[in-house]
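Engineer: Generate coordinates for the sequence data below:
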Amino acid sequence: QVQLLESGGGLVQAGGSLRLSCAASGRDFSFYAMAWFRQAPGQERDFVAAIHNWSGGGSSYYADSVKGRFAISRDNAKNMVYLQMNSLKPEDTAVYYCAAHLSMSEVVSGKNVNSWGQGTQVTVSS
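Structural biologist: Below is the predicted model of the structure:
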């Protein structure tokens, strides 16, 4: 199991950009599929983006709401996952969480994920 720590959140105006980072500690990071989720006040935690482990060639998958604006990437040498967020909208305001699972389908669903970060707040002003 990996431990996760997010950073990079903050306050940004609509149309701006932020880059979130997730640092993972533990063994065999490259074996884990990684994902970002977000949770707005009073709402459920929603899937944002995911990236395959080394066997998946680093391919990625996005929620329709962020497709074309957000990009997930990973650096296995540094045990890091990133979320580049461009053209931000007020509806992107949420706490963003990093998640890890050995299975891509499980990390996308978020249902059986045991490794979560503590979250980082992103606020987009209009």
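Engineer: show me the contacts for residue 92.
Structural biologist: Neighbour list for residue 92: 38, 66, 85, 122, 124 [criterion: Cβ atoms under 8 Å, 6 or more residues apart in numbering]. For the C-beta atoms, the positions are set from N, CA and C on the backbone; glycine is no exception.
Engineer: hmm, try it at 7 Å
Structural biologist: Contact partners of residue 92, counting by Cβ atoms under 7 Å, 6 or more residues apart in numbering, are 85, 122, 124.
Engineer: Could you do residue 101 as well?
Structural biologist: Contacts of residue 101 (Cβ under 7 Å, 6+ apart): 32, 33, 107, 113.
Engineer: what about the closest residue to it other than its chain neighbours, distance to residue 117?
Structural biologist: Distances taken as Cβ to Cβ, 6 or more residues apart in numbering put residue 107 closest to residue 101, at 3.9 Å, once the chain neighbours are dropped. Distance, residue 107 to residue 117, by Cβ to Cβ, to the nearest Å: 13 Å.
Engineer: Likewise for residue 31?
Structural biologist: Separation of residue 31 from residue 117 (Cβ to Cβ): 18 Å.
Engineer: Tell me which of these two has more neighbours.
Structural biologist: residue 117 (23 against 13; other Cβ atoms under 10 Å).
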